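**Student:** predicted structure and sequence below. I'll ask about it afterward.
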Amino acid sequence: DAYLPQRLLDKLMYIYNYVEMARVTGVPISFLLSRGQSIK
């Protein structure tokens, strides 16, 4: 019953983490998604 809400929160946390990583490193989110964390 609680499986779907947990999966949604997991996906939202991935998005939140990408946004914060892009903000801290100063690169667009698309760079993080296409080139990985080595772009830092």
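**Tutor:** Alright, I've got the coordinates.

**Student:** in the protein, which spans are helices?
**Tutor:** Counting by DSSP state H, the chain has helices at residues 3-25, 29-35.

**Student:** go through those helices and find the least confident stretch.
**Tutor:** The weakest mean pLDDT among the helices of the chain belongs to helix 29-35, with a mean of 86.

**Student:** give me the residues contacting that one.
**Tutor:** 18-19, 21-22, 25, 39 (CB atoms under 8 Å, 6 or more residues apart in numbering). From N, CA and C alone the C-beta is placed, and that goes for glycine too.

**Student:** who wins for neighbours among those residues?
**Tutor:** For the contacts of helix 29-35, the largest number of neighbours (other CB atoms under 10 Å) sits with residue 22, at 17 neighbours.

**Student:** how near is the closest residue to that residue other than its chain neighbours to residue 3?
**Tutor:** Leaving aside its sequence neighbours, residue 22 sits nearest to residue 29 (CB to CB, 6 or more residues apart in numbering; 4.6 Å). For residue 29, the distance to residue 3 (CB to CB, to the nearest Å) stands at 27 Å.

**Student:** just the helices of the chain: most buried one?
**Tutor:** Comparing the helices of the chain by mean neighbour count (mean count of other CB atoms under 10 Å), helix 29-35 ranks first with a mean of 12.

**Student:** so residue 25 versus residue 34, what's the distance?
**Tutor:** 14 Å.

**Student:** same check on residue 22?
**Tutor:** From residue 22 over to residue 34 the distance is 12 Å, taken as CB to CB.

**Student:** kindly report the same for residue 14.
**Tutor:** Distance, residue 14 to residue 34, by CB to CB: 15 Å.
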